[in-house]
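> Provided below for reference: sequence and predicted model.
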Amino acid sequence: MTSSTIAWLRQSLLALLCLSALCAGAAASAAPLEGTWRLDEPKPFGVTLHSYLKFEPTAAGPKGSVVANGSVELPFVDAKQVGAETVFRVSWGWTFRVRRDGANLSVVANYGGGEEPPATAVPVPESDSQPEPRLPLPPVHDVADNGLARTPPMGWNSWNHFAERVDDRTVRGAADRMVSSGMAAAGYTYINIDDTWEAGRNASGEIVPNSKFPDMAALAAYVHSKGLKLGIYSSPGPYTCGGYAGSHGHEDQDARTYAVWGIDYLKYDWCSAGRIYTLDELRPVYQRMGDALAHCGRPIVFSLCEYGMHDVWTWGPKVGGNLWRTTGDIQDNWKSMSDIGFNQGRLAPYAGPGHWNDPDMLEIGNGGMSATEYRTHFSLWCMLAAPLMAGNDLGRMSEDTREILTNRDVIAVDQDRLGREATRTLKLGDIEVWTRPLESGAVAVAIFNRGPAEAPAAFDWGQVGIGAKPRSVRDLWRHANVEAGSQYSTTVPGHGVVMLTAD
Ligand code: GLA
């Protein structure tokens with residue numbers, strides 16, 4: 001008998017004892033926290049997510065880990081006794097207030113967004129918390145280029161604003177608004193459903209949407225009727241990052257299902273695959289879905305999401321990837337956005353038609369930055385030839401937000417067919433000048449101010465790699481030509497940008 005089975009039997013025995021009246025009130029509060037406990041989180045749309053809390057008593061106090069949504073196992077970094085409760089913390093800042101409650105545990109989780117309602121964790125054998133077994137990996141080969149995404153994909157994704165609140169109505173609304181706001185005319189095409197759409201698998205193993213999405217094929221037909229395309233989300237692991245069903249072992253079947261529904265884009269998020277496979281195995285794991293999409297009978301953009309691990313930019317195109325995340329998740333604040341955006345320059349050589357670096361989706365319009373900062377966010381992403389996935393509520397967009405997202409002069413830089421990503425060519429204190437060559441022979445020039453206070457910027461064109469005095473210079477936010485001699489000088493607002501094309 002393994003030690004985990006013994007621990008589970010001990011817990012079950014305790015549970016039985018506690019069912020008797022003798023145990024009432026006292027609730028075995030003296031019993032040490034040990035063993036494995038399943039924490040169920042039922043959702044109103046017919047899905048129950050499972051996490052596991054694992055404890056081992058030690059002389060120095062309880063230790064352990066949480067298997068969050070079956071997706072990632074994080075050790076507790078400390079445990080503090082507060083009255084009858086032990087408060088466990090993991091490195092991501094999450095906390096779990098845990099108390100013995102008769103046979104079970106009462107748990108109040110906080111995933112950074114405030115405390116969840118109290119939930120009950122029940123004792124289970126440790127083996128329940130173990131990841132699914134590995135599947136044989138295919139020999140590595142190059143998946144043929146699918147010919148899609150010759151310029152960076154543009155669209156909208158549900159995650160940044162709606163997260164779990166996305167449903168059929170939200171997606172139809174986003175499609176309607178994408179057209180009526182002028183975004184579709186400005187080039188936005190993809191309406192992408194992120195995590196939380198999945199229910200599980202039917203008896204034939206086919207993936208089934210939960211009750212938020214009653215008819216995926218009808219939804220795709222609706223989005224297509226607007227002249228737009230529909231995207232979806234999954235994971236190479238058995239669970240997505242949110243704890244919903246992933247594609248592990250069902251890659252071909254899922255790709256075929258997507259094709260039948262009329263899906264045009266797949267974001268494929270590493271998540272629970274990290275509990276099964278090593279980083280050295282990222283490529284064959286992603287190749288499984290790359291091959292499946294190549295054979296599913298429908299052109300589907302393949303978006304890799306593994307946060308830039310293992311230099312994905314060097315092998316992303318070889319698994320059929322059209323874009324790959326280069327970083328962890330963006331947040332709607334200046335620090336997160338600017339830390340990500342201004343650190344992308346070294347990846348410029350890896351971007352080009354059909355295969356793009358993805359510094360994550362846009363936060364423009366979500367409220368955490370000023371309009372000036374959002375203009376910088378948009379300019380920087382366009383300089384980086386980044387995919388432009390709006391992440392706001394399109395139905396409640398301010399005029400500022402709409403104007404930023406539909407600035408065609410700036411979008412034209414992002415969508416330039418040469419597909420060359422910008423690099424930083426000059427740094428003058430807080431001022432950074434980034435440039436990228438365009439198909440026409442002109443050069444896009446963005447003058448960023450990373451400091452909080454307005455600052456002057458002056459340079460010779462030669463300093464930013466533009467040899468002679470340009471014939472014409474256009475300001476892409478003022479939409480006007482500007483006079484420029486052999487030098488250019490301007491003033492840039494704090495956290496702001498001046499963006500030009502010089503010809
Ligand atoms: C990860 C991804 C996010 C989003 C969530 C959904 O964190 O990086 O972009 O897809 O998962 O659970």
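Yes, it's here. Note that the structure is a prediction, hence the values are computed from the model and not measured.

> who in the stretch 51-200 of the chain is up against the ligand?
Trp159, Asp194, Asp195 (CB under 6 Å from any ligand atom). All C-beta spots, glycine's among them, are computed from the backbone N, C-alpha and C.

> Nearest to the ligand among those?
Asp195 (3.5 Å; CB to the nearest ligand atom).

> Excluding chain neighbours, what is closest to the closest one?
Gly242 (4.2 Å; CB to CB, 6 or more residues apart in numbering).

> So for the closest residue to the ligand within the stretch 401-503 of the chain, what's the pLDDT?
The ligand sits closest to Leu405 of the stretch 401-503 of the chain, with a gap of 18.9 Å, by CB to the nearest ligand atom. In the predicted model, Leu405 carries a pLDDT score of 98.

> next one: the one 5 residues further on
The predicted local distance difference test score for Val410 is 98.

> tell me the secondary structure for it?
Three-state call for Val410 (DSSP: H, G, I helix; E, B strand; the rest coil): helix.

> Gly485: what's it in contact with?
By CB atoms under 8 Å, 6 or more residues apart in numbering, the residues touching Gly485 are Lys469.

> Repeat that for Arg471.
Contacts of Arg471 by CB under 8 Å, 6+ apart are Asp503.

> and what of Gly354?
Contacts of Gly354 by CB under 8 Å, 6+ apart are Asp145, Asn146, Gly147, Leu148, Ala149, Arg150, Pro317, Asn322.

> I'd like the distance between it and Pro317.
Distance of Gly354 to Pro317, computed by CB to CB, to the nearest Å: 7 Å.

> okay, and the common contacts of the two?
Shared contacts of Gly354 and Pro317, defined by CB under 8 Å, 6+ apart, comprise Asp145.

> residues contacting the spatially most central residue of the chain?
Centroid-nearest residue in the chain: Asp329, 5.4 Å away (criterion: CA atoms, centre = their mean). Contact analysis of Asp329 by CB under 8 Å, 6+ apart lists Tyr307, Asp360.

> Same question for Gly496.
Thr372, Glu373, Arg375, Thr376, Phe448, Asn449, Glu454.

> Which of those fall in helices?
Thr372, Glu373, Arg375, Thr376 (DSSP state H).

> Just among these, which is most surrounded?
Thr376 (27 neighbours; other CB atoms under 10 Å).

> ok, and the closest non-adjacent residue to it?
Val497 (4.5 Å).

> okay, now that neighbour: neighbour count?
Val497 has 24 neighbours, counted by other CB under 10 Å.

> repeat for Tyr222
The local packing of Tyr222 (other CB under 10 Å) involves 18 other residues.

> That one: what's its closest spatial neighbour, skipping adjacent residues?
Spatially, and ignoring its direct neighbours in sequence, Tyr222 is nearest to Arg172 (5.7 Å; CB to CB, 6+ apart).

> mind checking pLDDT for the one you found?
pLDDT, Arg172: 98.

> Check the secondary structure at it for me.
Going by three-state DSSP: Arg172 is helix.

> wait, it sits on Ala218?
No - using CB atoms under 8 Å as the test, Arg172 is too far from Ala218 to be in contact (9.9 Å).
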